[in-house]
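Visitor: Any chance you could fold what I've pasted below:
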Amino acid sequence: MKHIYLDNSSTTKVLNEAAQAVFDTMTSYFGNPSSLHRIGIEAEKIMKEARENIAQVLGVNPAEIYFTSGGTESNNWAIKGAAKALCRKGNHLITTEIEHPSVLEAVRALEKEGYSVTYLKVDKEGVIDLDQLEKELTPETILVSIMYVNNEVGSIQPIQEAAQIITLPRYL
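Guide: Numbers count the residues shown, from 1 in each chain. Below you'll find the predicted structure:
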């Protein structure tokens, strides 16, 4: 039976070469990269090379590359970290009603800590209203989190247009 997989916005099959590289690394260089023994030092070298390769592709400094265990940890770290780092500039966050649970839970946790949160509504197609986004932005807005492609319904958000609205000079 042939399978048709329609959830690539959530999880995509890994390339065989990538899976093999991960397997080889995890079975040959399994040491703790923070350890001073030989296997740990080898693991640290692999991590450093990976960080440098990724940084080069992205055109950033290797010190800007962090590895996490997955999307939920990354979302929590990014959202809570940004909010805490920018709290002196404001306390308003904007997200959508249809974000991934890891985003919504991080935002709700910040809301319990006193941050003000606006949840953008979506239309019957699952798309945000850009006029509402512009209306909800204030000088206190420090973070806007909008999922590009919804993993449940497949709606694609107008990210380029949203970015233009968010970066208008009056909000910088």
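Visitor: how about low-confidence regions in this protein?
Guide: 9-10, 168-172 (pLDDT under 70).
Visitor: repeat that for 80
Guide: 6-11, 151-152, 168-172 (pLDDT under 80).
Visitor: centroid residue for it?
Guide: The chain has N75 as the residue nearest its centroid, 4.8 Å off, counting by C-alpha atoms, centre = their mean.
Visitor: thought that residue was touching V107?
Guide: No: counting by C-beta atoms under 8 Å, N75 does not reach V107; the two are 9.6 Å apart. (Glycine included, C-beta is placed from N, CA and C.)
Visitor: mind listing what Y29 touches?
Guide: Residues counted as contacts of Y29 (C-beta atoms under 8 Å, 6 or more residues apart in numbering) are 39, 42-43, 46.
Visitor: Of those residues, which is the most crowded?
Guide: The most crowded member of these is A43, carrying 21 neighbours; neighbours defined as other C-beta atoms under 10 Å.
Visitor: Can you give me the distance of that residue to K121?
Guide: 47 Å (C-beta to C-beta, to the nearest Å).
Visitor: that older thread, name the helix or strand for the residue nearest to the centre of the chain, please.
Guide: When elements are assigned from DSSP states H and E, N75 belongs to helix 71-86.
Visitor: Check which element follows that helix along the chain.
Guide: Following helix 71-86 in sequence, per DSSP H and E, is strand 92-96.
Visitor: packing partners for that following strand?
Guide: helix 101-112, strand 116-120, strand 141-145 (3 or more C-beta pairs under 8 Å, 6 or more residues apart in numbering; DSSP states H and E).
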